[in-house]
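1. quick one: sequence and predicted model below, then my questions.
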Amino acid sequence: RDRDHIVRHTFAAERDWAKKLGVQPPEGAMLTDAGLQEHRQTYGNAIREFHAQGKMARTWPLRFLIRHTAFHTLDHAWEMEDKDLTAQ
């Protein structure tokens, strides 16, 4: 897989998981620096709000959502690093 495919896949998965918090960024919004920054701010705020209310992310505990999001992103970053796709 090329870098753009991996990035699109990673963002698509995060968009799906964000729905568990009621966050729905427009498709493709995370492909811009401003859109990604806005999404991450909104996603983080939603996690904090759910935590303060003692709510789960639908069927997932918040700790799992946070861990899964971080691991998935890191796993694909490592994949690109291993393949040296950082500049492609």
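-> That came through, no problem. All values reported here derive from a predicted model rather than from experimental measurement.

2. tell me the contacts of G35?
-> P25, P26, G28, A29 (CB atoms under 8 Å, 6 or more residues apart in numbering). For glycine as for every other residue, the C-beta is placed from the backbone atoms N, C-alpha and C.

3. what about the last one, how many neighbours?
-> The local packing of A29 (other CB atoms under 10 Å) involves 15 other residues.

4. before we move on, what about the second one?
-> When counting by other CB under 10 Å, one arrives at 9 neighbours for P26.

5. give the contact list for it.
-> Applying CB under 8 Å, 6+ apart to P26 gives the contacts G35.

6. now do the helices in this structure.
-> According to DSSP state H, the chain carries its helices in the segments 3-18, 33-53, 62-83.

7. tell me the contacts of L65?
-> Neighbouring residues of L65 by CB under 8 Å, 6+ apart: W17, K20, L21, I47, A57.

8. can you do 7 Å?
-> By CB atoms under 7 Å, 6 or more residues apart in numbering, the contact set of L65 is W17, K20, A57.

9. most neighbours, which of the residues you listed?
-> That'd be A57 among the contacts of L65, by other CB under 10 Å, with 22 neighbours.

10. please name the nearest non-neighbouring residue to the residue nearest the centre of the chain.
-> The residue lying closest to the centre of the chain (CA atoms, centre = their mean) is E14, at 3.3 Å. Counting by CB to CB, 6 or more residues apart in numbering, E14 lies nearest to T69, which is 6.2 Å off, once chain neighbours are set aside.

11. ok, that neighbour - how many residues close by?
-> A count of nearby residues for T69, using other CB under 10 Å, gives 17.

12. R15 is in contact with that one, correct?
-> No. Contact criterion CB atoms under 7 Å: T69 and R15 do not qualify, at 11.1 Å.

13. which neighbours do those two have in common?
-> Counting by CB under 7 Å, 6+ apart, no residue touches both T69 and R15.

14. leaving out sequence neighbours, find the closest residue to W60.
-> K20 (6.1 Å).
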